[in-house]
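J.: Attaching a predicted model along with its sequence, questions to come.
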Amino acid sequence: MFMLACSLLAALLPMGAANSQAPASGSGPVVVSVRVERGSSIYRLNGKRVEDSANNSLLRNLGRTVEERGTEATVFIIIDVRAPFSEVGKVETALDKVGMTQYRLFVSNFHDRIMNEIHWDETPIPLPPAY
């Protein structure tokens with residue numbers, strides 16, 4: 001009877017230990033950021049600087065991310081408030097090319113470590129007459 005209880009306990013312990021472990025590093029969102037530093041746009045993918053050489057392009061690194069995480073991974077795009085809005089299109093184009101279509105767009109000044117989400121509305125609104 002004692003041996004049965006010990007073997008049952010031994011069988012259940014690994015399951016409990018696995019459930020109490022922290023989630024894998026790949027379980028959170030993929031983060032693509034564009035930050036203005038010294039007047040230039042600096043791209044980062046999950047905190048690692050990219051787009052500083054052909055071998056380290058954003059597109060190439062996103063392709064590696066797709067191989068590791070798949071195309072269904074959620075992506076947070078964080079754009080510096082000082083960056084031109086065209087940076088959003090560049091990042092969205094790169095995500096579209098690798099098939100990552102589930103993304104959310106945020107703006108931040110990076111100094112206060114807070115970001116605000118931009119929500120796209122599918123309903124067009126006409127420009128005001130004074131324009």
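T.: Received the coordinates, thanks.

J.: Show me what the strand ranked longest in the chain pairs with in its sheet, parallel or antiparallel.
T.: Criterion DSSP state E: the longest strand present in the chain is strand 30-37. When pairs are called by DSSP bridges, strand 30-37 turns out to pair with strand 40-45 (antiparallel), strand 75-80 (parallel).

J.: Adding distance to Pro126, mean pLDDT and mean neighbour count as columns, could you present those in a markdown table?
T.: Any C-beta I mention is one placed from the backbone N, CA and C, and that applies to glycine too. Shown next, in a markdown table, are the strands paired with strand 30-37 (distance: least, Cβ to Cβ, whole Å; pLDDT from 0 to 100; neighbours: other Cβ atoms under 10 Å):
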| stretch | distance to Pro126 | mean pLDDT | mean neighbour count |
| --- | --- | --- | --- |
| strand 40-45 | 32 | 96 | 17 |
| strand 75-80 | 26 | 98 | 20 |
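
J.: want to throw the ones you listed into a markdown table with distance to Ser108?
T.: Converted to a markdown table, these look like this (distance: least, Cβ to Cβ, whole Å):
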| stretch | distance to Ser108 |
| --- | --- |
| strand 40-45 | 12 |
| strand 75-80 | 5 |
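
J.: related to what we said a few turns ago, not counting the longest strand of the chain itself, show me its contacts.
T.: 41-47, 58, 62, 65, 69, 73-80, 82-83, 87, 91, 94-95, 100, 110 (Cβ atoms under 8 Å, 6 or more residues apart in numbering).

J.: Next up, the contacts around the nearest residue in space to Arg104 that is not next to it in sequence.
T.: With sequence-adjacent residues excluded and distances taken as Cβ to Cβ, 6 or more residues apart in numbering, Arg104 is closest to Phe76, at 5.7 Å. Contact partners of Phe76, counting by Cβ under 8 Å, 6+ apart, are 29-32, 103-104, 106.
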